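J.: Let's see this in three dimensions:
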Amino acid sequence: QIHTCSSSCWKVVHGQLICKRQAPFPIAEKTWVDSEGNWGPQRSFRMMNNWNPVILLATRANHDVKLITNGKETKDIGFYISMYMAKNQQHSSNTLALLAKSFTFHQTREKWNSDAHALNKLLIQHCANSLSHKQEFSAPKVVTHLMKWGDCYISHHFETIYFSSVVNLLKKTWPYLASQRFIVDLCCWSVKTFNKK
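T.: Numbers count the residues shown, from 1 in each chain. Just a heads-up that it's a prediction; the model follows:
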């Protein structure tokens, strides 16, 4: 949770390097809020991020907590979260670029190997590994997989109908349907209908 300034967070303002995260942070004995809506957490070390013990234990990851009350920041964070959640999956061209890179790596690394079977197996492994650890997925797709909702969203629930049991029930109820005469009549009707069109 300790912030370390680096080139990724520095910006130049009036000729001076300033941290975009506004570190070092102010020290405070208690969490505070003022009348203008500014706030700050309890902090005894100036380079410590705003953090939450529950989130830290659950994610075991660096995070930064911010209180969002109202105004421009609320609008900005709402817009950012909705855009990020609705982000499309990468285009197939990026997938192809990953495969091309993996193929090039495979060719240069496996020059010594003359076994065609082993070469093909390694090529498939390299391609699968590059796709599985470098490809990005949109948040909705990840959530559907984690919740086991399937690959697509549908508004209705479908039941499997085993057509053979339906046909058997129809033939049992109306024996004429099982006769050879019905099949001939059905074929003649289909031909007549098709010819009318």
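J.: Burial check on His106, number of neighbours?
T.: Residues lying near His106 (other Cβ atoms under 10 Å) number 19. From N, CA and C alone the C-beta is placed, and that goes for glycine too.
J.: Test my guess that it contacts Lys121.
T.: No: assessed by Cβ atoms under 8 Å, His106 is found out of contact with Lys121, at 11.0 Å.
J.: residues shared between the contacts of these two?
T.: Counting by Cβ atoms under 8 Å, 6 or more residues apart in numbering, no residue touches both His106 and Lys121.
J.: how far does stretch 151-163 sit from the chain's center?
T.: 23 Å (Cα atoms, centre = their mean, to the nearest Å).
J.: mind checking the end-to-end distance for stretch 16-26?
T.: Length of stretch 16-26, first residue to last, Cα to Cα, to the nearest Å: 20 Å.
J.: For it, give the mean pLDDT please.
T.: Averaging pLDDT along stretch 16-26 gives 79.
J.: Of all the residues in that stretch, which ones are buried?
T.: Neighbour-count burial for stretch 16-26 flags 23, 25 (criterion: 16 or more other Cβ atoms under 10 Å).
J.: Tell me where this structure has helices.
T.: Here the chain has its helices, by DSSP state H, at 53-59, 72-85, 92-109, 116-134, 139-146, 163-173, 180-196.
J.: For Trp10, find the nearest of those helices.
T.: helix 72-85 (21.8 Å; Cβ to Cβ).
J.: Run through the residues that contact Phe103.
T.: 123, 126-127.
J.: let's see 10 Å
T.: Each residue near Phe103 by Cβ atoms under 10 Å, 6 or more residues apart in numbering is listed here: 123, 126-127, 130.
J.: and which of those residues is nearest to Leu177?
T.: Among these, and counting by Cβ to Cβ, the member closest to Leu177 is Cys127, at 52.7 Å.
J.: pLDDT-wise, which helix or strand of this structure ranks last?
T.: Sorted by mean pLDDT, DSSP states H and E, the helices and strands of the chain end with helix 180-196, the least confident at a mean of 64.
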